[in-house]
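[1] Fold the following.
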Amino acid sequence: MYEDYFSIDDILSTQERIRCQLLVDIPKLGFLESSSSSSLNDDKKDEKEGQNISSLTANTKLELPYWMVYSICNCKTRFASLPEVPLIYSRIQRQIFAADASVVDLAKQGPHFYRQGRHLLELNFDEKRQVAITLLQTYQQRFRSIMDSAFHLILSSDHHHHESMKQQTAKFERQEKILLLLGQAAFRDYDRLINNETKQMLPPKIQGMTNDLTKGARIWLPDQDRVWRAVTVDKNYDGKGKLEVISTEGEKEIISIKSDSDLPPLRNPEILIGQKDLTALSYLNEPEVLYNLESRFNKSQIYTKCGIVLVAINPYEVLSIYGNDTIQLYRDQDVQLLEPHIFATAELSYQSMVNFSRNQSIIVSGESGAGKTVSAKYAMRYFANVGGLLEETQIEKKVLASNPIMEAIGNAKTIRNDNSSRFGKYIEIAFLRNHICGASMKTYLLEKS
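    Predicted coordinates for the structure are as follows:
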């Protein structure tokens, strides 16, 4: 089911998996809950539906790893005895539970959503690589078990509950694929951390070692007019401080290199030009970032991802990429598979709010004239449309209508922007049953110069 999104064999060793230790009834976990209703009058219906779903899952069990039992059961509240602790757990039990507390907030998020995040990098003990592998393996195994159980429940359910459960499991599947990708990224970060500490297995292209500067190597050189210019190594570099290169125009020159820190950054192959995510580049250095952003901007692709960060370049013109048709392309979709967009960021924030029942934040930052105010406006427009209610659109208009009043007092003309905001805005949008019910705006950091 997940082969297109997650290849466990590509990143994990063949070490034996630490087996899951406990079988738990799915109703106790509560991972199949009745969907929230948009009407206050449907509470009894939701409660009845939840009971029916629980009855369907009564005989379904799910394997859980030992370390997860503590988060679900508060150690001993539901189980009279716990299985024998494996040796690796007894050695590093405190660290595992610390990771569990920071990454796996099962009590609040629900056991079907737990994050394999970069909090794991804070762990510091000898067996951390084995723990990272174990966490990721059980992570993948558990998601497969949940989806398999949900699939069989749909097949065995009667027609009355078929559509409801189908909608529930479809939502779980989409979110869990996203979390699987996050888990894969977390494992790569773990691997990099270990490699950096041991000084082993570091790719030479990341360190810019001299043995990469062979004839034909593609590199970048600083340029006063163009910032960076592309050249090709014409002769193997011997480490003696002189590098012979040839420009794209065919002119040869000799570059002086005083130390290894002055070694020129390498260029990516042509096939990687214009990547939608900067982390996909083989060589992630300053000229490659600038060149990738420029190549996308020249195609009117003003948005580029860098992990969870969205990089936006102000086109200083109106683009036809913010209409209702575009909103529908991102609404209720796996945005990780779509082109970068402010709507994708808004959709991911909205999904997290709905599924985790937690407040979400979008930080919009940048220099004067970067387009921060416009980006915030389009994010609010997306939130106003995902509910599809007239009242929500009116709230968005009320928030936006207050802009001219504040801009008249707090805006000024700058070199890059004739109407630059000289103050910060903190905008809160309140939701009730997944729909906008109100909003507030605060100002701060007013520039006085």
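[2] Which strand or helix spans the closest residue to Leu338 other than its chain neighbours?
    Excluding the flanking residues, the one nearest Leu338 by Cβ to Cβ, 6 or more residues apart in numbering is Ala344, at 5.9 Å. C-betas here are computed from N, CA, C, even on glycine. Counting by DSSP states H and E, the element that carries Ala344 is helix 342-356.
[3] Domain map for this protein?
    Split into domains by automatic domain parsing, the chain comes to 8-198, 205-262, 314-444.
[4] quick one: contacts of the helix or strand that the helix holding Ala344 is followed by?
    Next along the chain after helix 342-356, taking DSSP H and E as the criterion, comes helix 372-386. Applying Cβ atoms under 8 Å, 6 or more residues apart in numbering, the contact partners of helix 372-386 are 312, 314, 322, 324, 327, 330-332, 342-343, 345-347, 350, 362, 364-366, 392-393, 395-396, 399-400, 403, 421, 425, 427, 429, 436, 439.
[5] Could I have the buried ones of these as ChimeraX selection syntax?
    The following ChimeraX line selects those of those that are buried, judged by 16 or more other Cβ atoms under 10 Å:
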select :312,314,322,327,330,331,342,343,345,346,347,350,362,364,392,395,396,399,403,421,425,429,436,439
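[6] where do the helices sit along the stretch 151-300 of the chain?
    Secondary structure of the stretch 151-300 of the chain (DSSP state H, counting those that start in this stretch): helices located at 159-198, 204-207, 286-297.
[7] Flag whichever of the ones you listed has the least confidence on average.
    Out of the helices of the stretch 151-300 of the chain, helix 204-207 stands lowest, with a mean of 38 (criterion: mean pLDDT).
[8] picking up where we left off before, how far away is the residue nearest to Leu338 from Ile436?
    To Ile436, Ala344 is 19 Å away according to Cβ to Cβ, to the nearest Å.
[9] Let me know the pLDDT of the residue lying closest to Gly410 once chain neighbours are set aside.
    Counting by Cβ to Cβ, 6+ apart, Phe423 is the residue found nearest to Gly410 once chain neighbours are left out, at 4.3 Å. Model confidence at Phe423, given as pLDDT, is 84.
[10] and the gap between Phe423 and Lys372?
    Distance, Phe423 to Lys372, using Cβ to Cβ: 11 Å.
[11] between the two, who's got more neighbours?
    Each of Phe423 and Lys372 has its neighbours counted (other Cβ atoms under 10 Å); Lys372 has more, 20 against 14.
[12] Using PDB, list the CA coordinates for stretch 416-426.
    Extracted in PDB, the C-alpha atoms of stretch 416-426 (Å, rounded to 0.1, in the frame of the first residue of the first chain):
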ATOM      1  CA  ARG A 416      11.300  48.000  -2.800                       C
ATOM      2  CA  ASN A 417       7.700  48.700  -1.700                       C
ATOM      3  CA  ASP A 418       5.600  51.800  -2.000                       C
ATOM      4  CA  ASN A 419       3.200  50.500   0.700                       C
ATOM      5  CA  SER A 420       5.500  48.600   3.100                       C
ATOM      6  CA  SER A 421       4.100  47.500   6.500                       C
ATOM      7  CA  ARG A 422       6.300  48.900   9.300                       C
ATOM      8  CA  PHE A 423       4.700  46.800  12.000                       C
ATOM      9  CA  GLY A 424       4.100  43.200  12.800                       C
ATOM     10  CA  LYS A 425       0.600  41.500  12.700                       C
ATOM     11  CA  TYR A 426      -0.600  38.700  14.900                       C
END
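[13] List the buried residues in that stretch.
    Asn417, Ser420, Ser421, Arg422, Lys425.
[14] Let me know the pLDDT of the nearest residue to the second one once chain neighbours are set aside.
    Distances taken as Cβ to Cβ, 6+ apart place Thr414 nearest to Ser420, at 4.4 Å, with adjacent residues excluded. At Thr414, the pLDDT value in this model is 80.
[15] and Thr414, backbone torsions?
    In terms of degrees, to the nearest 10, the main-chain angles of Thr414 are phi -120, psi 180.
[16] neighbours around it, how many?
    14.
[17] so it makes contact with Glu367?
    No: with contact defined as Cβ atoms under 8 Å, Thr414 does not reach Glu367; the gap is 9.7 Å.
[18] CA atoms of stretch 399-412 as CSV?
    Extracted C-alpha coordinates of stretch 399-412, given in CSV (Å, rounded to 0.1, in the frame of the first residue of the first chain):
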residue,chain,number,x,y,z
VAL,A,399,-10.3,41.0,8.6
LEU,A,400,-9.0,42.2,5.3
ALA,A,401,-11.2,45.4,5.4
SER,A,402,-9.3,46.5,8.6
ASN,A,403,-6.0,46.5,6.6
PRO,A,404,-6.4,50.0,5.1
ILE,A,405,-7.0,51.6,8.5
MET,A,406,-3.8,50.1,10.0
GLU,A,407,-1.9,50.7,6.8
ALA,A,408,-2.7,54.4,6.8
ILE,A,409,-1.0,54.7,10.2
GLY,A,410,1.7,52.0,10.1
ASN,A,411,2.8,51.8,6.4
ALA,A,412,5.6,53.7,4.7
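[19] hmm, who's touching it?
    By Cβ under 8 Å, 6+ apart, stretch 399-412 touches 373, 377, 380, 419-423, 425, 427, 439, 441, 443, 446-447.
[20] Tell me which residues of it come out buried.
    So, applying 16+ other Cβ under 10 Å, buried residues of stretch 399-412: Val399, Asn403, Glu407, Gly410, Asn411.
[21] ok, now stretch 430-439?
    Counting neighbours by 16+ other Cβ under 10 Å, the buried set in stretch 430-439 is Phe431, His435, Ile436, Ala439.
[22] Just confirm the third one is within a strand.
    Spelled out, that is Ile436. Yes: under DSSP: H, G, I helix; E, B strand; the rest coil, Ile436 falls within a strand.
[23] And it, how far from Val354?
    13 Å.
[24] before we move on, back to that, reformat the buried residues of stretch 399-412 into a markdown table and put secondary structure next to each item.
    Shown next, in a markdown table, are the buried residues of stretch 399-412 (three-state DSSP):
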| residue | secondary structure |
| --- | --- |
| Val399 | helix |
| Asn403 | helix |
| Glu407 | helix |
| Gly410 | helix |
| Asn411 | strand |
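[25] That concludes my questions; thank you for your assistance.
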